[in-house]
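Asker: need a 3D model of the following:
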Amino acid sequence: MGKHRRPGPPNQPSRATAHVDPHDPLATYVKRRRAPMDQYRRHRPLHGGGGHLHPGEARVLEEWTGFAYKPVGTAPDLAAAQAWLHDLDPGAVDGEE
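Answerer: The predicted structure is shown next:
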């Protein structure tokens, strides 16, 4: 029945036991400042709703500050938001910077 199975997606690392650095006195508190599901950047539709339903709508870009997500900008559509999420320069050509 899976009584002792770890909850959550199978492709995510376990967060049950975090590595604690013995030389860092604040290491036990670092886990609290990690972003949910270790997602430090995210994008959401500007006017709410499902992001996959309207790929041409504007997106709000948010970054994790250690305590909450903070808006840092906007993207005109889903493709630009995903490029920002993965640190891609939308104006760059393949092989150039």
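Asker: so which residues of this protein form helices?
Answerer: 27-30, 78-85 (DSSP state H).
Asker: just the mean pLDDT for the shortest one, thanks.
Answerer: Spelled out, that is helix 27-30. Across helix 27-30, pLDDT averages out at 76.
Asker: CA-only coordinates of stretch 68-87, as CSV, when you get a sec.
Answerer: Only the C-alpha atoms of stretch 68-87 are listed here, as CSV (Å, rounded to 0.1, in the frame of the first residue of the first chain):
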residue,chain,number,x,y,z
ALA,A,68,8.6,35.1,-0.2
TYR,A,69,8.3,35.6,-4.0
LYS,A,70,8.9,39.2,-5.1
PRO,A,71,7.8,40.5,-8.5
VAL,A,72,10.8,41.6,-10.6
GLY,A,73,9.2,42.3,-13.9
THR,A,74,6.8,41.2,-16.7
ALA,A,75,7.1,39.2,-19.9
PRO,A,76,4.9,39.7,-22.9
ASP,A,77,4.1,36.0,-23.4
LEU,A,78,4.7,32.5,-22.2
ALA,A,79,7.8,32.0,-24.4
ALA,A,80,9.5,35.1,-23.1
ALA,A,81,8.7,34.1,-19.5
GLN,A,82,10.1,30.6,-20.0
ALA,A,83,13.2,32.1,-21.5
TRP,A,84,13.7,34.2,-18.4
LEU,A,85,13.0,31.3,-16.2
HIS,A,86,15.8,29.3,-17.9
ASP,A,87,18.1,32.4,-18.2
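Asker: which outside residues touch it?
Answerer: For stretch 68-87, contacts defined as Cβ atoms under 8 Å, 6 or more residues apart in numbering pick out 35, 41-43, 46, 51, 55-64, 89-90. From N, CA and C alone the C-beta is placed, and that goes for glycine too.
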